[in-house]
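the amino acid sequence is not available; the structure is as follows:
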């Protein structure tokens, strides 16, 4: 068993630790919920953010992965039953993002981090360019990100590392840090947040996402300013690069009031066609569209039972949609550059109709699992995987 006290460099690469499905599911969660990240050109999705935006059910896909990773880290570093998950987050790096040589404990407020795991969710070369991971010295000096691979290492100066600048696409990872200090246990904090959230009511309305404040979704090159006139709204930008236009149901809404637009009902359009289904807010629309992107291969063979309503887009709707785009995407070129890997998909309205229903079934299933788990988590003050075979 490895002993961190008598080895200079401790790290391990775990090829194909995550399945392709797990990677795609986490990608869906991130691309439909992420906010501006902790450094320029970075986007993040934390578990606490999912809970705060009425998407607590979306933490369920993380649970078995966190558990498996913690066990692997404890086994490799010889500290069984000693570790707590200190942080879990999805992080994507867009064009221009990089990080110089540093160690994870080089900031005083992060001294509680003892081990780290970086899970790669997409592929170098295919999904993004640049962004290779380097250790300053020792074995595994350079890691080329490959979907499903995980690298674990001691979060200290023995594993000083850097990440090359991303020059194209979007580099997507899940990052976890582990601590020996129970005071920094992420589980206890998340359980407290979940206990304050009404979960037992299964009304569909309670499972719809609620956007956070608008400044959390406003991206600009001036990372310190949310008022940058040359930025864009992340939600609108992701829909735009996938080929969708937004049409608000209430034509009296001011296109210049971005905070108001985040929570208003809307429809989606493409070209001259309007998909006549009302989404509760833009985060709801984005989740369904990203779910559609994730499940495209499954939807090709799905049977459509309901009547598909696609109507012509009126000139007034088109004009207002264009005005909205000019406000929400003040720098359209930047938005298209940052999310260049998305690529517009040909819209099959019939499949999107099915995706709406499948997305509903998906979130209800996760919600049911969460409701079953929460009493056990409360009792143990720990988040762990339960089998639902007999539930």
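Alright, I've got the coordinates. The structure presented is a predicted model; accordingly, all values stated were derived computationally and were not measured.

tell me the contacts of the residue nearest to residue 80 when sequence neighbours are not counted?
If you skip the residues right next to it in sequence, residue 80 has residue 74 as its closest partner in space, 4.8 Å away by CB to CB, 6 or more residues apart in numbering. Where C-beta positions appear, they are placed from N, C-alpha and C, glycine not excepted. Contact analysis of residue 74 by CB atoms under 8 Å, 6 or more residues apart in numbering lists 80, 81, 82, 83.

how many residues are close by the last one?
Spelled out, it's residue 83. 20 (other CB atoms under 10 Å).

not counting sequence-adjacent ones, nearest residue to residue 19?
Take residue 19 and drop its neighbours on the chain: the residue closest to it by CB to CB, 6+ apart is residue 148, 6.7 Å away.

ah, wrong one, I meant residue 13
Excluding the flanking residues, the one nearest residue 13 by CB to CB, 6+ apart is residue 151, at 5.2 Å.

quick check: that neighbour vs residue 10, distance?
Counting by CB to CB, to the nearest Å, the gap from residue 151 to residue 10 is 11 Å.

rewinding a little: from the contacts of residue 74, pick the one nearest residue 387.
The shortest approach to residue 387 among the contacts of residue 74 belongs to residue 81, at 21.2 Å (CB to CB).

can you get me the start-to-end distance on stretch 182-198?
27 Å (CA to CA, to the nearest Å).

now the residue nearest to residue 80: how far from residue 91?
As judged by CB to CB, residue 74 and residue 91 stand 23 Å apart.

same deal with residue 329?
Distance, residue 329 to residue 91, by CB to CB: 23 Å.

now stretch 371-389: mean pLDDT?
In this model, stretch 371-389 has a mean pLDDT of 91.

what sits against residue 62?
Neighbouring residues of residue 62 by CB under 8 Å, 6+ apart: 26, 47, 88, 174.

okay, and the beta partners of the last one?
Residues in a beta bridge with residue 174, per DSSP bridges, are residue 90, residue 119.

does residue 149 touch residue 12 like I think?
No - look at residue 149 against residue 12 with CB atoms under 8 Å: they stay out of range, at 11.1 Å.

between these two, which is the more surrounded one?
For residue 149 versus residue 12, neighbours defined as other CB under 10 Å are more numerous around residue 149 (20 against 17).

name the helices or strands packed onto the longest helix along the chain?
Longest helix in the chain by number of residues (criterion: DSSP state H): helix 349-380. In terms of contacts (3 or more CB pairs under 8 Å, 6 or more residues apart in numbering; DSSP states H and E), helix 349-380 is packed against helix 186-195, strand 273-279, helix 282-294, helix 296-299.

now do the buried residues in the last one.
For helix 296-299, the buried set under the neighbour-count rule, 16 or more other CB atoms under 10 Å, comprises residue 299.

that helix packs against which elements?
If you count contacts as 3+ CB pairs under 8 Å, 6+ apart, helix 296-299 packs onto helix 349-380.

domain-wise, how is this protein divided?
The chain breaks down by automatic domain parsing into domains covering 11-197, 217-366.

what distance separates the first one from the centre of its chain?
So that's domain 11-197. 12 Å (CA atoms, centre = their mean, to the nearest Å).

end-to-end on that domain?
This stretch, domain 11-197, spans 38 Å end to end (CA to CA).

one more: the shortest one?
Start-to-end span of domain 217-366 (CA to CA) is 25 Å.

now that domain: mean pLDDT?
Computed over domain 217-366, the average pLDDT equals 86.

now do the first one
Confidence over domain 11-197, taken as the mean pLDDT, stands at 94.

give the contact list for the closest residue to residue 235 other than its chain neighbours.
Excluding the flanking residues, the one nearest residue 235 by CB to CB, 6+ apart is residue 282, at 4.7 Å. Going by CB under 8 Å, 6+ apart, residue 282 touches 211, 235, 236, 239, 246, 261, 262, 266.

surely the residue nearest to residue 19 meets residue 26?
No - at 10.9 Å, residue 148 and residue 26 do not qualify as touching, with contact defined as CB under 8 Å.

so the two - more neighbours on which side?
residue 26 (22 against 18).

how about that one, what does it touch?
Taking CB under 8 Å, 6+ apart as the test, what residue 26 contacts is 61, 62, 90, 121, 172, 174.
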